[in-house]
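*Asks:* Here is a sequence together with a model predicted from it:
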Amino acid sequence: MTQHLAKVFLRLTGWEAEGTRPAARRYVLIAAPHTTNWDLLFTLALAWALEVKIAWMGKHQLFRGPMGTVMRWLGGVPVRRDRRSDLVQQMADLIKTTDAIALTVPAEGTRDYVPHWKSGFYHIARRAEVPIVLGYLDYSRRRGGFGPEIVPTGDVHQDMEEIRAFYADKRGLHPDLEGEIRLKEEM
């Protein structure tokens, strides 16, 4: 039912799903570029259209009251950003203890401009020993979906070169809010 509704929604909004369902059963899914609240809606629709059930991290405030039930049904995983905790290890543990999961991580960490990507997606994948799947929304073409799977090698710069090449032509709804596709540890 959700697949049919997702395809209707995409058709009505002029969007099209690209790529195929990733082969891995457990992986970290990069969500990029991330420049608007609409990204979650389109990401969910594209994932449902391609029959992929995603999990996504959201600030804990989104999970209060009756909306919390809806957010969890949509795949939301509440996280506390106001407390220091090893979120990377928590998410790696979640992946390791789940039979099948596509943990979606917005690499920019916010919809606002940031000068570089956050490295959490990379370290979660390394600790969980799973691939990184390059998910995308390209508002310039109204296309989105799943790109290649990358197994992080530990050579951050080399792995990021492959990621940068893939995202070079992908544009968010607000391109002026896109930061450089570079991790802080590469600088």
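*Replies:* Sure thing, it's come through. Since the structure is predicted, the reported quantities are computational estimates derived from the model, not experimental observations.

*Asks:* show me where this structure has strands.
*Replies:* In the chain, the strands defined using DSSP state E lie at 16-18, 26-32, 54-59, 76-79, 101-106, 116-117, 132-138, 143-150, 180-183.

*Asks:* What are the contacting residues of the shortest one?
*Replies:* Okay, so that is strand 116-117. Outside strand 116-117, the residues that touch it by Cβ atoms under 8 Å, 6 or more residues apart in numbering are 32, 107-109, 179-184, 186-187. From N, CA and C alone the C-beta is placed, and that goes for glycine too.

*Asks:* got it, and the third one?
*Replies:* With contacts defined as Cβ under 8 Å, 6+ apart, strand 54-59 is touched by 29, 31, 40, 43-44, 47, 71, 74-79, 81, 91, 94, 101-105.

*Asks:* How far does it sit from its chain's centre?
*Replies:* 9 Å (Cα atoms, centre = their mean, to the nearest Å).

*Asks:* What residues sit buried inside it?
*Replies:* 54-58 (16 or more other Cβ atoms under 10 Å).

*Asks:* Out of these, which one has the lowest pLDDT?
*Replies:* pLDDT across the buried residues of strand 54-59 is lowest for residue 58, at 86.
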